[in-house]
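Visitor: sharing a sequence plus its predicted fold:
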Amino acid sequence: MKRRIVLLFSLIILALGGPRQLFAWDGAFFDLFQVPFSAREAALGGNHAAQADDVSTLQSNPAGFRSVDPDLSIGTVNVSLYNGPNSPGVTSSTWDLFGPLHIAYVGNGLGFGLFSDSNINIGASGPYTTIMTENLVAIAGYAFRIPLPDKWQSTLDVGFSVPLFLAARSLNTRDIHALSSNSPLQFFIDQPFISATGISAELGILYNWNNTFSVGIAGRNLAVTSSTYYSTLHNYIDGSPPDQNATTTLPMDISVGIRWNPPIKMSTTYIDGFTILADYNDIFDFIIYPAGARNLLLHFGLGMEITLLKVVKLRAGFYQLLPSGGLSLDLSFFTLDFAVFGRELSAQPWTTPVYGYMAGIRFHT
């Protein structure tokens, strides 16, 4: 009965639309296409350890909980579409829906969030392969300030957060068109099924000088995951023993970034903000996780954001040697975002690039 309730809950989330894929399956990082937290991060070239100005600091750097102005987000829907090669000789399409379950708050040293995410990947290499994933993630954390002399005009914050996640994944080799004549449950009932739970630890340091220049160091995704494998979804529902259990420890992603806000507003009345971001991500992957180490050039991330008349934001970025860009309209109680961005799926530059499109709406106060 308990398993049926968990399954029903997952299907309800999927029907509503249903975080971010932050963790991993089988030791490979959970986020197949490295889906950004929002269209803003997508356009700015990924996560930035020194960026702390909205709820995205829940993912980028927990030290930002102390310096960011209080930001409450009570609903977000991000729709992503990817088309491209998944591996040599294999093409795929992926749809990702982040939300609508999205409750997040950062500010005054506190940070917490509850998110849902739905992901469907359809690959074609002879027969179709459909992978459907449901994620539910809760994050909570705290940041505190270390006093510095007033004459330094600086702040130094240290923070931590603990993400928890529950996930379910079903793999199907049937033609996706069969969904038109079967219910979603019938489509997957005799196919392999995996459930997973996990806990992660994230740490961060953020130094800010005169609200103009910031340096951030973030340690992300040090996680332990427990996965349970069933030969069919039917066996899981019936309470049959699993075919396999596995516990995986994931290495921490240690990243460093800088943020520069030049006082450009003083020279023009049309520009209300200008931000430049630069990061080097996953610095020690060749030591901590040699099997997943990537070319050094794929670790760099660059981003630029210009705010016009306090409403329009134009963004551009560069990550894994692939460009990105986007725009945003801040309409007081909600924000509309759009982004186009690229991600490299292999360990070498320009080998298996994938380009994605993301559109989102975020309700906030």
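Guide: Done, it's in.
Visitor: next secondary structure after the helix or strand containing residue 277?
Guide: Secondary structure here is read from DSSP states H and E; on that basis residue 277 sits in strand 271-280. Towards the C-terminus, the helix or strand next in line after strand 271-280, according to DSSP H and E, is helix 285-288.
Visitor: which elements pack onto the following helix or strand past that next one?
Guide: Using DSSP H and E, the next helix or strand after helix 285-288 towards the C-terminus is strand 300-308. In terms of contact count using 3 or more Cβ pairs under 8 Å, 6 or more residues apart in numbering; DSSP states H and E, strand 300-308 is assigned the packing partners strand 271-280, strand 312-319. Just so you know, the C-beta spots here come from the backbone N, C-alpha and C atoms, and that holds for glycine as well.
Visitor: export those to TSV and tack on distance to residue 40, mean neighbour count and mean pLDDT?
Guide: As requested, those are exported to TSV (distance: least, Cβ to Cβ, whole Å; neighbours: other Cβ atoms under 10 Å; pLDDT from 0 to 100):
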stretch	distance to residue 40	mean neighbour count	mean pLDDT
strand 271-280	11	18	93
strand 312-319	7	20	96
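Visitor: out of those, which is closest to residue 143?
Guide: Ranking the helices and strands packed on strand 300-308 by distance to residue 143, with Cβ to Cβ as the measure, places strand 271-280 first at 19.3 Å.
Visitor: CA atoms of the closest one as PDB?
Guide: Taking Å, rounded to 0.1, in the frame of the first residue of the first chain, the C-alpha atoms of strand 271-280 are listed here in PDB:
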ATOM      1  CA  ILE A 271      21.300  51.300 -17.900                       C
ATOM      2  CA  ASP A 272      20.400  50.300 -14.300                       C
ATOM      3  CA  GLY A 273      22.800  47.500 -13.900                       C
ATOM      4  CA  PHE A 274      25.800  45.800 -15.500                       C
ATOM      5  CA  THR A 275      27.300  42.500 -14.300                       C
ATOM      6  CA  ILE A 276      30.200  40.500 -15.500                       C
ATOM      7  CA  LEU A 277      30.700  36.900 -14.200                       C
ATOM      8  CA  ALA A 278      33.600  34.500 -14.600                       C
ATOM      9  CA  ASP A 279      34.000  31.000 -13.100                       C
ATOM     10  CA  TYR A 280      36.200  27.900 -13.200                       C
END
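Visitor: may I have the strands that pair with that strand, each with its orientation?
Guide: Each strand that pairs with strand 271-280, with its direction, by DSSP bridges: strand 253-260 (antiparallel), strand 300-308 (antiparallel).
Visitor: returning to what we had before: distance from the strand holding residue 277 to the middle of the chain?
Guide: In terms of Cα atoms, centre = their mean, to the nearest Å, the centre of strand 271-280 is found 20 Å from the chain centre.
Visitor: contacts for it, please.
Guide: Counting by Cβ atoms under 8 Å, 6 or more residues apart in numbering, the neighbours of strand 271-280 from elsewhere in the structure are 44-51, 255-262, 264-265, 299-310.
Visitor: still on that earlier bit, quick one: which of the helices and strands packed on strand 300-308 is nearest residue 228?
Guide: Put simply, out of those the one that sits nearest residue 228 is strand 312-319, at 34.0 Å, with distance taken as Cβ to Cβ.
Visitor: what pairs with that closest one, parallel or antiparallel?
Guide: Here strand 312-319 is paired, per DSSP bridges, with strand 300-308 (antiparallel), strand 322-331 (antiparallel).
Visitor: list the buried ones in the first one?
Guide: Taking 16 or more other Cβ atoms under 10 Å as the neighbour-count basis, strand 300-308 is seen to contain the buried residues 300, 301, 302, 303, 304, 305, 306, 307.
Visitor: confirm for me that the second one is in contact with residue 321.
Guide: Which is residue 301. No: contact between residue 301 and residue 321 fails when scored by Cβ atoms under 8 Å: they sit 10.5 Å apart.
Visitor: could I get the strands paired with strand 312-319 as a markdown table with mean pLDDT and distance to residue 152?
Guide: As requested, the strands paired with strand 312-319 are arranged in a markdown table below (pLDDT from 0 to 100; distance: least, Cβ to Cβ, whole Å):
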| stretch | mean pLDDT | distance to residue 152 |
| --- | --- | --- |
| strand 300-308 | 95 | 27 |
| strand 322-331 | 94 | 33 |
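Visitor: nearest to residue 160, of the ones you listed?
Guide: Using Cβ to Cβ and comparing the strands paired with strand 312-319, the one that lies nearest residue 160 is strand 300-308, at 22.7 Å.
Visitor: which other residues reach that closest one?
Guide: Counting by Cβ under 8 Å, 6+ apart, the neighbours of strand 300-308 from elsewhere in the structure are 43-48, 257, 270-281, 313-321.
Visitor: also stretch 47-56?
Guide: 36-38, 40-41, 44, 57, 59-61, 63-64, 67-69, 71, 73, 104-106, 113, 204, 206, 214-218, 220, 255-259, 277, 279, 281, 301, 303, 364.
Visitor: pLDDT of the helix or strand containing residue 338, averaged?
Guide: Of the helices and strands defined by DSSP H and E, residue 338 is found in strand 334-344. Per-residue confidence for strand 334-344 averages out to 91 on the pLDDT scale.
Visitor: how far does that strand sit from its chain's centre?
Guide: 12 Å.
Visitor: what about the helices in the stretch 51-200 of the chain?
Guide: Along the stretch 51-200 of the chain, the segments classed as helices by DSSP state H, counting those that start in this stretch run 57-60, 64-67, 184-188.
Visitor: in terms of mean pLDDT, which of the ones you listed ranks lowest?
Guide: The bottom spot among these, by mean pLDDT, belongs to helix 184-188, with a mean of 67.
Visitor: about what we covered before: need the helices and strands packed on strand 300-308 in CSV (columns: distance to residue 331).
Guide: Converted to CSV, the helices and strands packed on strand 300-308 look like this (distance: least, Cβ to Cβ, whole Å):
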stretch, distance to residue 331
strand 271-280, 15
strand 312-319, 11
